[in-house]
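> Just a sequence and a predicted model for now, questions to come.
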Amino acid sequence: MNAGNMDIQINVEQGSIQEIEADTIILNLFEGVKEPGGATGAVDKDLDGAITELIANGDFSGKASEIAVIYPRGAISARRVILVGLGKRDEFDLETVRKAAAFAIKRARDQNAKNVATIVHGGSVSGIDIADAAQATVEGSILALYRYRAKKQKDEPDQKIHSLNIVEFDNKKLPDIKTGVKTAKAVTSGVYLARDLVNLPPNIATPTKMASVAGEIAEEYGMKLTVGDREWADEHQMGAFLAVAKGAGEPPKFIVLEHKENHDDLDTLVLVGKGITFDTGGISIKPTAGMGNMKSDMAGAAAVIGTMLTVGMLDLPLHIIGIAPCTENMPDANAYRPADVITASNGKTIEIVSTDAEGRMVLADGLVFAGGYEPQVVIDLATLTGSCVIALGKGIAAGLFSNENKLRDRLVSSSKATHERVWTMPLWDDYKKKIKSDVADMKNGGGRYGGVGASAIFLKEFTNYPWAHLDIAGMALTDKESDYIPSGGTGFGVRLLVDFLRNW
Ligand code: MG
Ligand code: ZN
């Protein structure tokens, strides 16, 4: 798997950072510190007080993500020292670490650094776990360096960092740092893969391509793989999934990846991701403007497949199943239409009011299939509704719906730890009125107001287990780079899910 061309070497080394072989070293400073201590202090001494002078002259204050570059001119082996601010000590958290690491390494990259050494940001702050700090340092760095390598960019100059060394003087901290770095490698691989899948054009990232990527993961980590085609879905009576797939030229694929399938002693957790590889809206066709962004309508599936890669790399001791119902949603002579009545795999009937509300259709059969595993928990992710984006904003938070408070709280806590934000929305039965149908058990849409609640209550009809639904419509794609998230696919959900699974 060569996700995002992640060919950077990441190592952990014991020693003094000023003696490490690197062209660039990254150090940090809290706001308000006048005389640096620790590694920054040691380097300052070797530089004859250059950092202290910078602070005294007001050229560097240590504000969060502030950057200064110092040239040691032979005083130490590195050619440049990048100093990054950590902000106020009492506001410090892991997100500060990720951002500091991101801004520092982006400066290093822009200055054409090849071999970078860094200390663990916040490694000696009380109340911060050193493994978590190491993980956040590497995550912030690697996620910031992500670049979608399209063909056009291949001819551009190679401005790429080859190695990142995490340096720690204190021998006792090394095992924890190694643990954190190992986790970060697995997590960033999953995020890179999810970003790649979203960034790939929709004629490349087809359901077939999604299945072949899942196949690579299955092979590499010994997972069980099922790729259901139309015939298979028909045998499983997946009328809702097949309705959406009816108009698709690309063959639909119902993908199931199963980690530790033969472990009856382990808890069973299922992840389901909406995999509409391109959403035209179908017969209820979308307007032209911005339709290209609908290549990201498989971001839920991408997050699930990316998470399964991380699960494999970390070999998590859980029975985890990743389900990705993948198909295009196209207008076609065979396409399903408004007023059609469809029967899902649990026998419930659905009146179609909009063929553009296709995500809940494929999820319906995905959620019913998940129930077959008798899971402790099912979490689905979907770029489901524009109304969720209207409610919470673009790039702010995913909508979280859950039928169990404990599960909801676990996800909120993982959201806080990873800064992949979720906000709890009501899963009230009141919304059921909105999807009441005269000709079927329900409609697939409830009109303009409260559309996000109606979509969630629709999905609930296909669950009979502790379940959470994440509407990631506003989170999957960004047109603006920010700290450690470059523009394009964000990979949102992978870090959240991995944290949730690791803490299960
Ligand atoms: Mg749609
Ligand atoms: Zn859609």
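Thanks, I have it. Numbering: from 1, shown residues only. Ligands and ions are numbered 1, 2, ... in the order given.

> and the chain, what are its domains?
The record, using automatic domain parsing to delimit domains, assigns the chain the ranges 9-168, 189-502.

> worst average pLDDT in these?
Of all those, the segment with the smallest mean pLDDT is domain 9-168, scoring a mean of 94.

> got the end-to-end distance for it?
Distance between the two ends of domain 9-168: 17 Å, counting by CA to CA, to the nearest Å.

> residue contacts, the residue nearest to Asp110 when sequence neighbours are not counted?
Counting by CB to CB, 6 or more residues apart in numbering, Gln159 is the residue found nearest to Asp110 once chain neighbours are left out, at 7.5 Å. Bear in mind the C-beta positions are built from the backbone N, C-alpha and C, glycine included. Residues touching Gln159, when contacts are defined by CB atoms under 8 Å, 6 or more residues apart in numbering, comprise 109-110, 112.

> Now list the buried members of those residues.
When burial is judged by neighbour count using 16 or more other CB atoms under 10 Å, the buried members of those are Arg109.

> Now, the contacts of Gln159 that are in helices?
Using DSSP state H, the members of the contacts of Gln159 that fall within helices are 109-110.

> In the stretch 351-500 of the chain, which residue sits closest to ligand 2?
Shortest the stretch 351-500 of the chain-to-ligand 2 distance, computed as CB to the ion: residue-wise this is Gly359, at 4.4 Å.

> ugh, wrong one, I meant the chain
Taking CB to the ion, ligand 2 has its nearest neighbour within the chain at Asp279, 3.8 Å off.

> That residue contacts Asp356, doesn't it?
Yes. Using CB atoms under 8 Å as the test, Asp279 is close enough to Asp356 to be in contact (7.3 Å).

> For the stretch 101-250 of the chain, what lies in contact range of ligand 1?
Residues of the stretch 101-250 of the chain lying close to ligand 1 (CB under 5 Å from the ion): none.

> From start to finish, how long is stretch 56-64 in a straight line?
End-to-end distance for stretch 56-64: 18 Å, by CA to CA.

> count of neighbours near the residue of the stretch 351-500 of the chain closest to ligand 2?
Taking other CB atoms under 10 Å as the neighbour definition, Gly359 ends up with a count of 28.

> do the one 3 residues further on as well
Val362 is flanked by 31 other residues according to other CB under 10 Å.

> check contacts around it.
Applying CB under 8 Å, 6+ apart, one finds that Val362 lies in contact with 240-241, 244, 274-276, 325, 327.

> which residue sits closest to it, ignoring its sequence neighbours?
For Val362, the closest residue by CB to CB, 6+ apart turns out to be Pro325, at 4.2 Å.

> Look through the stretch 101-250 of the chain and state the residue closest to ligand 1.
In the stretch 101-250 of the chain, the residue found nearest to ligand 1 is Val244; the distance is 9.1 Å by CB to the ion.

> The chain now?
Here the residue of the chain nearest ligand 1 is Asp356; by CB to the ion that distance is 3.9 Å.

> Just the CA atoms of the lengthiest strand in the chain, as CSV, please.
As far as residue count goes, and with DSSP state E defining each element, the longest strand of the chain is strand 319-329. In CSV, the C-alpha atoms belonging to strand 319-329 read as follows (Å, rounded to 0.1, in the frame of the first residue of the first chain):
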residue,chain,number,x,y,z
HIS,A,319,-13.5,-8.4,16.4
ILE,A,320,-13.9,-5.4,14.0
ILE,A,321,-16.0,-5.4,10.8
GLY,A,322,-15.8,-2.6,8.3
ILE,A,323,-18.7,-2.4,5.9
ALA,A,324,-18.7,-0.2,2.8
PRO,A,325,-21.7,-0.3,0.5
CYS,A,326,-20.2,1.3,-2.7
THR,A,327,-22.0,2.4,-5.8
GLU,A,328,-22.5,5.5,-8.0
ASN,A,329,-25.8,7.4,-8.0
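
> Next secondary structure after it?
Next helix or strand after strand 319-329 toward the C-terminus (DSSP states H and E): strand 341-343.

> Distance from the chain centre to the helix or strand following that following strand, please.
Toward the C-terminus, strand 341-343 is succeeded by strand 349-351 as the next helix or strand (DSSP H and E). Mean-position distance between strand 349-351 and its chain equals 33 Å (CA atoms, centre = their mean, to the nearest Å).

> Check stretch 465-480 too.
Averaged C-alpha coordinates place stretch 465-480 at 10 Å from its chain's average position (CA atoms, centre = their mean).

> End to end on it, go ahead and measure it.
Between the opening and closing residues of stretch 465-480 lies a distance of 38 Å (CA to CA).

> Give me the contact list for the helix or strand Ile166 falls within.
Using DSSP H and E, Ile166 sits within strand 163-168. When contacts are defined by CB under 8 Å, 6+ apart, strand 163-168 is touched by residues 8-17, 20, 22, 25, 39, 105, 114-120, 123, 134, 137-138, 141-142, 174, 177, 181.

> distance of Arg79 from Ile26?
Computed with CB to CB, to the nearest Å, the distance linking Arg79 and Ile26 is 13 Å.

> who's more crowded, the two?
In terms of neighbours (other CB under 10 Å), Ile26 is the more surrounded of Arg79 and Ile26; the figures are 31 against 15.

> thinking His121 is in contact with Ala136, fair?
Yes. Judged on CB under 8 Å, His121 makes contact with Ala136 at a distance of 7.4 Å.
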